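Asker: I would like the atomic coordinates for the input below:
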Amino acid sequence: LNDFYKFRLKPVSIPPSALVNDLRRLMLREELSDVTFVVEGQEVFANRALLAVRSEYFDAMLFRGGMSESMITDDNEERKTIQLQDISH
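Answerer: Down below sits the predicted model:
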């Protein structure tokens, strides 16, 4: 009844995860970001969708909260710049 033992599968090599490095590269590429935070005069590039799914604070700030940061600009191509005060880089 249990004939599964007849099927021998070859081992598959699974490469190590590169997700963290891929996300780091995503943050460093200005052309892939849709929001820029200015912290202590330094620009930090980010993606609104990633921030929103990882943080309720950013979800409210960027999408649901009615804050000025969540308002869509007239030019959809323009990257939104947000000054963050009292935050260190």
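Asker: Flag the shaky bits of the chain, pLDDT-wise.
Answerer: Residues of the chain meeting the criterion pLDDT under 70: 1-7, 65-79.
Asker: now the strands: where do they sit in it?
Answerer: With strands called from DSSP state E, the chain shows them at 35-39, 42-46, 80-84.
Asker: and these, which is most packed in?
Answerer: strand 35-39 (a mean of 17; mean count of other C-beta atoms under 10 Å). For the C-beta atoms, the positions are set from N, CA and C on the backbone; glycine is no exception.
Asker: other SSEs contacting that strand?
Answerer: Packing partners of strand 35-39 (3 or more C-beta pairs under 8 Å, 6 or more residues apart in numbering; DSSP states H and E): strand 42-46, strand 80-84.
Asker: name the helices or strands packed onto the last one?
Answerer: Counting contacts by 3+ C-beta pairs under 8 Å, 6+ apart, the secondary-structure elements packed against strand 80-84 are strand 35-39.
Asker: send the alpha carbons of the strand it packs on over as PDB?
Answerer: Output in PDB follows, covering the C-alpha atoms of strand 35-39 (Å, rounded to 0.1, in the frame of the first residue of the first chain):
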ATOM      1  CA  VAL A  35      10.000  58.000   0.100                       C
ATOM      2  CA  THR A  36      13.000  59.700   1.600                       C
ATOM      3  CA  PHE A  37      13.500  60.400   5.200                       C
ATOM      4  CA  VAL A  38      16.000  63.200   6.200                       C
ATOM      5  CA  VAL A  39      17.600  62.300   9.600                       C
END
